[in-house]
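*Asks:* let me see the structure of the following:
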Amino acid sequence: MTTQISANNVKELRNKTGAGMMDCKKALQESEGNMEIAIETLRKKGLASADKKSTRIAAEGIIESYIHIGSRIGVLIELNCETDFVARRIEFRKLAKDLAMQIAACQNVSYLSTADIPKELIDRESRIELAKEDIFNKPSKIKDQIIKGRLEKRLKEMSLMNQAFIKNPDITIEDLIKQHIALLGENIKISRFQKFLLGEMMEK
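*Replies:* Modelled structure (predicted):
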């Protein structure tokens, strides 16, 4: 016997997940009316399709700002989506604010992803690791493994997408964006960001 689902429950689930009405109704029926299980089911399906959406053009969006307490750190970020409708959604705007706060909190973050880090900088970091005294007497193969591991860690520290989300360290920023792609049904991407530190351009 099919579980009867009220229109109010379907609407509530749609508001929480952004999924279509029929998908919400089906998820609630499959979970026998359990809202949490239905949300988990829809989000799993959404995350599976997030990668497909990530290639679509995202030309709408917003520019968000964040000024940290004390007004010594500021961030500007451009977050894009596919439609003006999603750009106005409170979930999208909250995501932009969270991302700006994340950038302000991460001292070493300068690039969106490790793929954006210039080769010259990667080569410099490799030379620094190679010159460290603690690996001088290591066998060549071991030395290469140590340098590779340290370099990967260093590059991830500089990449926003690899950071643990400050409000939920169990997920990365990349995971956070994919969750919102699933929630809002559109491609979402960070086009650019800039961090401002008070006095950083001045000689002291």
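*Asks:* so, low pLDDT: which residues of the chain?
*Replies:* For the chain, the stretches with pLDDT under 70 are 1-2, 17-20, 44-57, 201-204.
*Asks:* any idea how far residue 77 is from the residue positioned nearest the centre of it?
*Replies:* The chain has residue 173 as the residue nearest its centroid, 2.5 Å off, counting by C-alpha atoms, centre = their mean. Taking C-beta to C-beta, to the nearest Å as the measure, residue 173 falls 12 Å from residue 77. C-beta here means a position set from N, CA and C on the backbone, and glycine is covered the same way.
*Asks:* overlap in contacts of the two?
*Replies:* Listed as contacting both residue 173 and residue 77 by C-beta atoms under 8 Å, 6 or more residues apart in numbering are residue 99.
*Asks:* these two touch, right, the residue nearest to the centre of the chain and residue 166?
*Replies:* No: counting by C-beta atoms under 8 Å, residue 173 sits too far from residue 166 to count as a contact (9.5 Å).
*Asks:* contacting residues around the residue nearest to the centre of the chain?
*Replies:* The contact partners of residue 173, by C-beta under 8 Å, 6+ apart, come to 99, 102, 160-163, 165.
*Asks:* now do residue 74 against residue 96, distance only.
*Replies:* 15 Å.
*Asks:* which one's more surrounded, those two?
*Replies:* Set residue 74 next to residue 96 and count neighbours by other C-beta atoms under 10 Å: residue 96 wins out with 23 against 17.
*Asks:* that one falls within a helix, correct?
*Replies:* Yes: counting by DSSP: H, G, I helix; E, B strand; the rest coil, residue 96 falls inside a helix.
*Asks:* what sits closest to it if chain neighbours are left out?
*Replies:* Nearest non-adjacent residue to residue 96, counting by C-beta to C-beta, 6 or more residues apart in numbering: residue 64, 3.7 Å away.
*Asks:* quick check: neighbours shared by residue 173 and residue 166?
*Replies:* With C-beta under 8 Å, 6+ apart as the test, residue 173 and residue 166 both reach residue 102.
*Asks:* in what helix or strand does the closest residue in space to residue 196 that isn't next to it in sequence lie?
*Replies:* Counting by C-beta to C-beta, 6+ apart, residue 196 lies nearest to residue 74, which is 4.2 Å off, once chain neighbours are set aside. Assigned by DSSP states H and E, residue 74 belongs to strand 73-81.
*Asks:* strand partners of that strand, parallel vs antiparallel please.
*Replies:* Using DSSP bridges, strand 73-81 pairs in its sheet with strand 60-67 (antiparallel), strand 189-197 (antiparallel).
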